[in-house]
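Engineer: Provided below are the primary sequence and the corresponding predicted coordinates.
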Amino acid sequence: MKKLLILRHAKSDWSAGLADRDRPLNARGHRAAQTMGRVLARMGEAPDLVISSTAARAATTAQLAIESGQWDSAIRYTDDLYATSVRGALEVLMGADPAAASVMLVGHEPTWSSLVAQLTGGSVAIKTATVAAIELYVRDWADASDAHGELLFLLQPRTISRLIE
């Protein structure tokens, strides 16, 4: 079995006046990304590999989580996770290093909620900086196209920050 962590980018700064792909995180987004990195590290849930969308808000979310959680995770960036479909996200996942026991995908809505629904049969709202962890019933990432699994946990930064502050 493999573990998939799905992280939606943190809150972005709409007032920046930049193209969608270039929109940065706002201050709340920075804090939330850092919180999620620290919490996942404390839980022992830092992924082996992080694959992030190249959109500025997603890439920054991934970087802040890794740095604040002091994860020893490899990171890869791909345009293929920006404005993708569930099928596109699964194709990216299928190319993950087979040696990685856990992979985190960092990207965007509405794809992430749909991805969780397809993989688990459950309906969840993936709000900004939310992490969903799924145990996939596959031995290799290459088999992820038709994978199903079980939702292990869903963490939202607003709830967590109240508990750890």
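Structural biologist: That came through fine.

Engineer: from here on, contacts and neighbour counts on C-alpha atoms
Structural biologist: OK.

Engineer: identify each buried residue in the top helix by length along the chain, please.
Structural biologist: For the chain, the helix reaching the highest residue count under DSSP state H is reported as helix 27-42. Under the neighbour-count criterion of 16 or more other CA atoms under 10 Å, helix 27-42 has 29-41 buried.

Engineer: just the helices in this protein please.
Structural biologist: 27-42, 56-69, 86-94, 111-120, 157-164.

Engineer: other SSEs contacting the longest one?
Structural biologist: Based on contacts counted as 3 or more CA pairs under 8 Å, 6 or more residues apart in numbering; DSSP states H and E, the elements that helix 27-42 packs against are helix 56-69, helix 157-164.

Engineer: with just CA atoms, put the longest helix of the chain into PDB.
Structural biologist: The C-alpha trace of helix 27-42 is given here as PDB (Å, rounded to 0.1, in the frame of the first residue of the first chain):
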ATOM      1  CA  ALA A  27       0.200  36.500   5.100                       C
ATOM      2  CA  ARG A  28      -2.500  34.100   6.300                       C
ATOM      3  CA  GLY A  29      -1.400  31.600   3.600                       C
ATOM      4  CA  HIS A  30       2.200  31.800   4.700                       C
ATOM      5  CA  ARG A  31       1.200  31.000   8.300                       C
ATOM      6  CA  ALA A  32      -1.100  28.100   7.200                       C
ATOM      7  CA  ALA A  33       1.500  26.500   5.000                       C
ATOM      8  CA  GLN A  34       4.100  26.600   7.800                       C
ATOM      9  CA  THR A  35       1.500  25.200  10.300                       C
ATOM     10  CA  MET A  36       0.700  22.300   8.100                       C
ATOM     11  CA  GLY A  37       4.400  21.500   7.600                       C
ATOM     12  CA  ARG A  38       5.100  21.500  11.300                       C
ATOM     13  CA  VAL A  39       2.000  19.500  12.200                       C
ATOM     14  CA  LEU A  40       2.600  16.800   9.600                       C
ATOM     15  CA  ALA A  41       6.200  16.500  10.900                       C
ATOM     16  CA  ARG A  42       5.000  16.100  14.400                       C
END
